[in-house]
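# could you work out the structure for the sequence below:
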Amino acid sequence: LSLIHEEDVIIGHSAENDLRALRLVHNNIVDTSVVFRGDNGRKYSLKHLSNVLLQRQIQNGCGSSGHCSREDAEASLIL
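The predicted model follows:
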């Protein structure tokens with residue numbers, strides 16, 4: 001992917017899934033599922049983090065699955 005450069009920072013939630021699907025290895029990643037782990041190491045959903053930390057509800061009926069990639073990306077970036 002020529003759009004992503006070595007010095008770019010990728011921000012996402014559970015980014016390992018997207019990176020695996022893209023077959024992409026990148027060193028500058030901020031993954032909100034890692035940054036905001038519970039005391040017991042529990043991985044919180046982006047929906048939960050957005051609701052609790054941002055007081056913002058996401059993933060409520062955007063499309064058939066309830067997920068909107070733009071909405072998810074915005075929430076990860078704000079977190």
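# pLDDT at the residue nearest the centre of the chain, what is it?
Against the mean C-alpha coordinate of the chain, by C-alpha atoms, centre = their mean, the closest residue is His13 at 1.9 Å. On pLDDT, His13 comes in at 94.
# please apply the same query to the one 5 residues further on.
With respect to pLDDT, Asp18 has a value of 88.
# same question for Ser65.
Note for Ser65: predicted pLDDT of 66.
# still on that earlier bit, pretty sure the residue nearest to the centre of the chain is touching Leu46, no?
Yes: contact criterion C-beta atoms under 8 Å: His13 and Leu46 qualify, at 4.2 Å. C-beta: built from backbone N, CA, C; applies to glycine.
# can you say which helix or strand has the closest residue to Arg56 other than its chain neighbours in it?
Once flanking residues are discounted, Arg56 sits nearest to Ser50: 5.0 Å by C-beta to C-beta, 6 or more residues apart in numbering. Ser50 is part of helix 46-54 when elements are defined by DSSP states H and E.
# if we can go back for a sec, who touches both of His13 and Leu46?
Common neighbours of His13 and Leu46, using C-beta atoms under 8 Å, 6 or more residues apart in numbering, are 32-33, 72, 75-76.
# what's the end-to-end length of stretch 40-60?
With C-alpha to C-alpha, to the nearest Å as the measure, stretch 40-60 spans 28 Å from end to end.
# which other residues reach it?
Applying C-beta under 8 Å, 6+ apart, the set of residues contacting stretch 40-60 from outside is 13-14, 32-33, 36-38, 66-68, 71-72, 75-76, 78-79.
# go again using 6 Å as the cut-off
13, 33, 36, 66-67, 71-72, 75 (C-beta atoms under 6 Å, 6 or more residues apart in numbering).
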